[in-house]
Structures are given as C-alpha cells and as structure tokens.
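**Q** Here is my input; please provide its structure:
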Amino acid sequence: MGNSWFEFKQFRIEQGRSAMKVCTDSCIFGGLIVQTESTSESSIQNVLDLGAGTGLLGLMLAQEFPLCKITGIELDSGSSIDCRFNYENAPWTDRMELLEMDFREFKIESRKFDLIVCNPPFFFEHMPSPISGRRQAMHMGAEGLGDWLEFMQANLNKNGRIWLLFSPDAWIKAIQQLERHNLHIVQVMKLFRKPSTLWRIVVCLSAETSSEAVISEIFVLEEGGKPSDFTLELLNQFYLNRSLL
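**A** Predicted coordinates for the structure are as follows:
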C-alpha cells in the first residue's frame with residue numbers, strides 16, 4: 001500500500017481520506033497557472049479554489065504568490081479533513097481558509113476573486129464510479145457544468161481570470177455554455193501525452209471581451225513515456241523528486 005501523503009519541496013499533501021489523490025494532470029495544471037500568471041503576481045490578492053480536494057492547487061499558488069489569500073471550497077467531508085490539515089500545516093497557513101460546503105450555498109460578497117481555479121468533474125457520458133466520493137469529484141450532468149460556470153462568473157473580479165482543467169470531451173460541452181454565462185476564452189493549452197493523443201485541456205476564461213484566444217500545444221511526455229523537459233522545468237519548484245513524475 002502506498003503512502004497516504006505526497007511530499008513536495010515546501011509542503012506535504014495528506015490525502016488518505018480524499019476522494020481524489022494527487023495526480024500528474026493536477027500538478028501540471030497548477031504549474032501552468034503559476035507560470036502564466038507570474039507576470040500578474042502583484043495584482044493577485046484573492047484566489048478561490050473551487051472544489052479544493054486535497055488543497056493542492058491552492059498550496060501551489062500560495063507558495064509562488066506571497067501576496068495572495070487562498071479560499072478553498074470543498075463539499076466532500078473526507079477531502080475537507082485532508083485539505084484543512086494541509087492548509088493548517090503549510091508555511092502559509094495564515095493566508096489559507098477552507099469552507100466545507102456546497103458552492104451553491106456560498107454568499108456572494110463585495111469581495112470578488114482575482115483568480116478562480118477549478119478542476120471540475122469532467123465525465124458526462126462515462127459510467128459513474130460506484131464510490132460516492134469519486135463519483136462526486138469526477139462525474140456530473142451537463143446541466144451541472146452551467147451551475148459551476150454561473151457561480152464562477154458571479155464571483156469573479158472585473159479583470160479576473162478563471163482557470164479550468166478539462167478532458168477533451170468535457171471541453172467541447174463547456175464551449176457550448178460559455179456565451180450564455182458571459183465568459184470569454186483568453187487562452188487554451190492542449191496537453192498531449194503522445195503526438196496523436198490529446199490528453200487534457202487547460203483553459204483560461206475572462207468576463208471581459210478579449211482579443212483572439214491564444215492556443216498552444218504542449219507535449220508533457222517524450223517518446224517512451226518519460227516527462228518532457230517542459231514538464232520537468234514546469235514542476236521543478238514543486239517536486240521534491242523528479243522520478244515521481
């Protein structure tokens with residue numbers, strides 16, 4: 001049996017109770033957010049991690065952006081226990097708070113968020129997991145995605161940005177809903193594990209109309225399945241041991 005924790009350079013993730021464990025795509029997602037937003041670091045003060053899980057994304061952002069405050073929202077009780085523990089034992093615990101609740105119960109405040117990051121459930125057609133926590137974390141109906149988008153748009157600063165991680169199928173369904181929620185595509189990063197295999201899609205959205213979206217392709221693995229130089233460099237400030245990739 002593997003460890004119930006995952007060790008990073010500056011923090012540890014306890015994940016024994018969490019529905020979803022630390023995985024490569026989430027780490028790459030966090031690394032891409034940090035890399036892309038680094039030029040805007042001074043303007044990022046309030047960050048919302050919607051569906052915080054173990055707290056991984058919030059901790060990555062807290063490590064690299066010392067001015068930001070992280071608010072996590074997580075419904076699953078097991079994940080909330082781990083996330084709260086991870087927040088409280090991080091070097092930046094004074095800048096981190098967790099709300100164990102359904103995001104639909106969150107009251108819209110005068111304080112809006114400069115960044116909203118979310119790894120939403122992205123299986124629509126697949127057979128749901130029999131494990132309730134994983135089912136909640138990974139599966140939702142197409143109408144549920146609209147609820148997530150509406151919530152994020154309502155809680156976003158005027159000049160704020162939303163970062164989302166999708167499977168290719170889920171992204172196609174999401175595109176159909178963006179216009180009705182007044183969200184505009186700023187950037188699309190297509191992640192490939194093999195030259196012909198589209199694996200994940202990282203998307204940046206804004207409530208402000210922007211110029212034509214920037215689209216890029218990133219190869220996260222080399223031939224033979226080894227992490228690409230891009231992936232190694234992206235996660236260098238986080239991963240304690242490169243062999244864990």
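**Q** Name the SS class of residue 107, please.
**A** Following DSSP: H, G, I helix; E, B strand; the rest coil, we place residue 107 in the coil state.
**Q** per-residue confidence averaged over stretch 189-199?
**A** For stretch 189-199, the mean pLDDT works out to 91.
**Q** Tell me which residues are up against it.
**A** Residues from elsewhere that reach stretch 189-199 (Cβ atoms under 8 Å, 6 or more residues apart in numbering): 25, 28, 32, 168, 200-203, 215-221. Where you see a C-beta, it was placed from the backbone N, CA and C, and this is true even at glycine.
**Q** of those residues, closest to residue 63?
**A** Nearest to residue 63 among the contacts of stretch 189-199, counting by Cβ to Cβ, is residue 32 at 14.9 Å.
**Q** Now the closest one. Its backbone dihedrals?
**A** Here is the backbone geometry of residue 32 (degrees, to the nearest 10): phi -70, psi -40.
**Q** Could I get the contacting residues of it?
**A** 189, 202, 218, 234.
**Q** Pull out the buried residues from the contacts of stretch 189-199.
**A** 25, 28, 32, 200-203, 218-221 (16 or more other Cβ atoms under 10 Å).
**Q** Closest one to residue 240 out of those residues, please.
**A** Of all those, residue 28 has the smallest distance to residue 240: 16.3 Å, by Cβ to Cβ.
**Q** what sits against the closest one?
**A** Applying Cβ under 8 Å, 6+ apart, we find residue 28 in contact with 191, 200, 220, 231, 234-235.
**Q** What distance do you get for residue 196 to residue 203?
**A** Using Cβ to Cβ, to the nearest Å, residue 196 is found at 21 Å from residue 203.
**Q** ok, now how distant is residue 166 from residue 203?
**A** As judged by Cβ to Cβ, residue 166 and residue 203 stand 6 Å apart.
**Q** which neighbours do those two share?
**A** Here residue 166 and residue 203 share the contacting residues residue 174, scored by Cβ under 8 Å, 6+ apart.
**Q** where in this protein is pLDDT low?
**A** For the chain, the stretches with pLDDT under 70 are 1-2, 122-143, 242-245.
**Q** can you name the two of the contacts of residue 28 that are farthest apart?
**A** Largest separation among the contacts of residue 28 by Cβ to Cβ: 200 and 235, giving 14.9 Å.
**Q** if we can go back for a sec, would you mind checking which of the buried ones among the contacts of stretch 189-199 is nearest to residue 82?
**A** Nearest to residue 82 among these is residue 25, at 18.7 Å by Cβ to Cβ.
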